[in-house]
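>>> What would the 3D arrangement of this be:
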Amino acid sequence: MKKIILLILPVLFFSLTSIAQESVLQEADMEFANKEYESAKTIYLINELKLSPRQISNLGLCFFMENEHETAIKYFEKAVEKGDAHGFRYLGYEYENGKGGLTQDKKKAFELYQEGAKLEDNFSIFNLGYFYFHGVGTEKNDKLAFEHYSKAAELGHIRAMNNLGNMYENGFYVSPDLSKAQSLYKKSADRGDVYGMTNYAELYEEGLGVEKDMDIAIEWYTKAAEKKHTVAQNNLGNFYLHGVGVEQDYEKAFYWFEQAAQQMELTAIVNIGRMYRLGQGVEKNYGEAYKFFSYTAGQGNIFALYELGNMFYNGEGVEKDLIKALSLYEKSGKSGFGEAQTVAGHMYEHGEGTEINIEKAKEWYSMAKKSGSKYAAERLAELEK
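Below you'll find the model as predicted:
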């Protein structure tokens, strides 16, 4: 009996050890799923030799979340060697963005996503759709973008639902279908995607395929804004600024613009500058306005260029300088801003900051007309008599 016991005990000990390790690793997986990355990482590292391919990817992601990309890449590469779908998705992301000392390589990222897609990884499939749609790492192909977004959406990828909705809304590859767009945006929004929320709200704001309903629009913009989506925050700011669908409230307008500005949303920064310039809900302060406009104009923002032009045109907080104003209006106008185009045409017509030049005036009025300016259309018709 003793010999039998001695023979059985090592097997029993090994079995209990395996069960214990499996239990510990399941705990690590639960910590990982709950986004307790530090705790998960500690357990994974203690049991590193026993990790499954997916757990190796998880360990890499724990380092990724701490911005330790070089170490993360080491584990992603191991996971890829073992054929884990998440390894392909994560390593593809690192190449796409040039992290951890890797040279940014969109083509390599595309190839890794292709491998992940073969393993039915919805993230990889979605990224292939994105790459095909934008022509990143491969030639632009709306058909393949549509197919990959569709498959990723079927697999539950919420951003794919939104992007597929965008293709239906704008008629990319498929005929425009606002009903399908609305359905897809709603599915995406209901699952928590801020882009889906914002696009769903926009349909109701504009009355696209649905009856215009500002209450629904504001409800969904607010949900997205509370999740820190800058476009939604800026839109809410504008609603409160102008009293669209809500009671005009400069304090709330400034709040939402500020929330977006803190995330470097340039249009929101311009809007704060405009509130300071006009004294809307804050004390008029040309110095603050100039600071906000100058920063965003330096980033090429067309609205900021126009607003700076206004300050120089009127001599607001700066010495009046019509030459400088015209230059700023032209920079804004060349990038497609209709109001700047109209003012540039006016200045050439009347010789402000330049000699009178009717041909130049007609050129700018023509551009502004195409941008929807009724005044420019009237002036152009008058000058062409």
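
>>> quick one: Asn271 and Asn238 touch, right?
Yes - using CB atoms under 8 Å, Asn271 is in contact with Asn238, at 7.2 Å. For the C-beta atoms, the positions are set from N, CA and C on the backbone; glycine is no exception.

>>> in the stretch 1-150 of the chain, which spans are strands?
In the stretch 1-150 of the chain, no strands are defined using DSSP state E, counting those that start in this stretch.

>>> Asn271 and Asn238 - which one has more neighbours?
Using other CB atoms under 10 Å as the criterion, Asn271 and Asn238 rank with Asn271 on top: 27 against 15.

>>> where does the more buried one land in three-state SS?
What DSSP: H, G, I helix; E, B strand; the rest coil gives for Asn271 is helix.

>>> quick one: contacts for the residue lying closest to it once chain neighbours are set aside?
Distance criterion CB to CB, 6 or more residues apart in numbering; nearest residue to Asn271, sequence neighbours excluded, is Phe257 at 4.7 Å. Contacts for Phe257 (CB atoms under 8 Å, 6 or more residues apart in numbering) come out as 233-234, 237, 241, 268-269, 271-272, 275.

>>> which stretches of this structure aren't confidently modelled?
1-22 (pLDDT under 70).

>>> still on that earlier bit, any shared contact partners between Asn271 and Asn238?
Common neighbours of Asn271 and Asn238 (CB under 8 Å, 6+ apart) are Ala253.

>>> buried sites along stretch 80-91?
Residues of stretch 80-91 classed as buried by neighbour count (16 or more other CB atoms under 10 Å): 80, 84-91.

>>> so, if you compare those residues, which one comes nearest to Lys370?
Arg89 (43.7 Å; CB to CB).

>>> That closest one touches Phe123, doesn't it?
Yes - using CB under 8 Å, Arg89 makes contact with Phe123 at a distance of 4.5 Å.

>>> any common contacting residues for those two?
Joint contacts of Arg89 and Phe123 (CB under 8 Å, 6+ apart) are Gly116.

>>> for Lys106, what are its contacts?
Lys106 touches 95-96, 131, 136-137, counting by CB under 8 Å, 6+ apart.

>>> Most neighbours among these, which one?
Phe131 (26 neighbours).

>>> Quick check: it vs Val270, distance?
Distance of Phe131 to Val270, computed by CB to CB, to the nearest Å: 32 Å.

>>> Please write out the alpha-carbon positions of the one helix or strand Lys369 maps to in CSV.
Per DSSP states H and E: Lys369 is located in helix 358-370. What follows is helix 358-370, C-alpha atoms only, in CSV (Å, rounded to 0.1, in the frame of the first residue of the first chain):
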residue,chain,number,x,y,z
ILE,A,358,-13.4,94.5,-59.0
GLU,A,359,-12.1,91.3,-60.6
LYS,A,360,-10.7,90.1,-57.3
ALA,A,361,-14.0,91.1,-55.6
LYS,A,362,-15.9,89.1,-58.1
GLU,A,363,-13.6,86.1,-57.5
TRP,A,364,-14.3,86.2,-53.8
TYR,A,365,-18.0,86.8,-54.2
SER,A,366,-18.2,83.9,-56.6
MET,A,367,-16.6,81.6,-54.0
ALA,A,368,-18.9,83.0,-51.3
LYS,A,369,-21.9,82.4,-53.5
LYS,A,370,-21.0,78.8,-53.8
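
>>> List of residues touching it?
333, 338-339, 341-342, 344-346, 348-349, 354, 373, 375-377, 379-380, 383-384.

>>> Can you say which of the residues you listed are buried?
Counted by 16+ other CB under 10 Å, the contacts of helix 358-370 give 333, 338-339, 341-342, 344-346, 348-349, 373, 376-377, 379-380 as buried.

>>> Could you single out the nearest of those residues to Gly279?
Glu339 (20.5 Å).

>>> Please report the distance of that closest one from Gln182.
32 Å.

>>> got it, and Lys99?
For Lys99, the distance to Gln182 - CB to CB - is 37 Å.

>>> more neighbours, the two?
Between Lys99 and Gln182, Gln182 has the larger neighbour count (other CB under 10 Å), namely 20 against 16.

>>> my guess is the more buried one meets Leu203, correct?
Yes - with contacts defined as CB under 8 Å, Gln182 counts as touching Leu203 at a distance of 5.6 Å.

>>> Just to check, Asp142 is in contact with Gly171?
No - counting by CB under 8 Å, Asp142 stays clear of Gly171, with 9.9 Å between them.

>>> For these two, list the residues in contact with both.
With CB under 8 Å, 6+ apart, Asp142 and Gly171 have no common neighbours.

>>> that older thread, which residues are common contacts for Gln182 and Leu203?
209-210.

>>> burial measure for the closest residue to Tyr200 other than its chain neighbours, as a count.
For Tyr200, ignoring the flanking residues on the chain, the nearest one in space by CB to CB, 6+ apart is Tyr185 at 4.0 Å. Residues lying near Tyr185 (other CB under 10 Å) number 29.

>>> for Tyr185, what are its contacts?
161-162, 165, 196, 199-200, 203.

>>> ditto for Tyr75
56-57, 59-60, 63.

>>> Just put those in JSON lines and tack on neighbour count.
Formatted as JSON lines, the contacts of Tyr75 follow (neighbours: other CB atoms under 10 Å):
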{"residue": "Ile56", "neighbour count": "24"}
{"residue": "Ser57", "neighbour count": "27"}
{"residue": "Leu59", "neighbour count": "28"}
{"residue": "Gly60", "neighbour count": "30"}
{"residue": "Phe63", "neighbour count": "21"}
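
>>> what's the neighbour count on Ile158?
21.

>>> That one and Met197 touch, don't they?
No - Ile158 lies out of contact with Met197 (CB under 8 Å); the separation is 10.6 Å.

>>> what touches both of the two?
In contact with both Ile158 and Met197: Ser188, using CB under 8 Å, 6+ apart.
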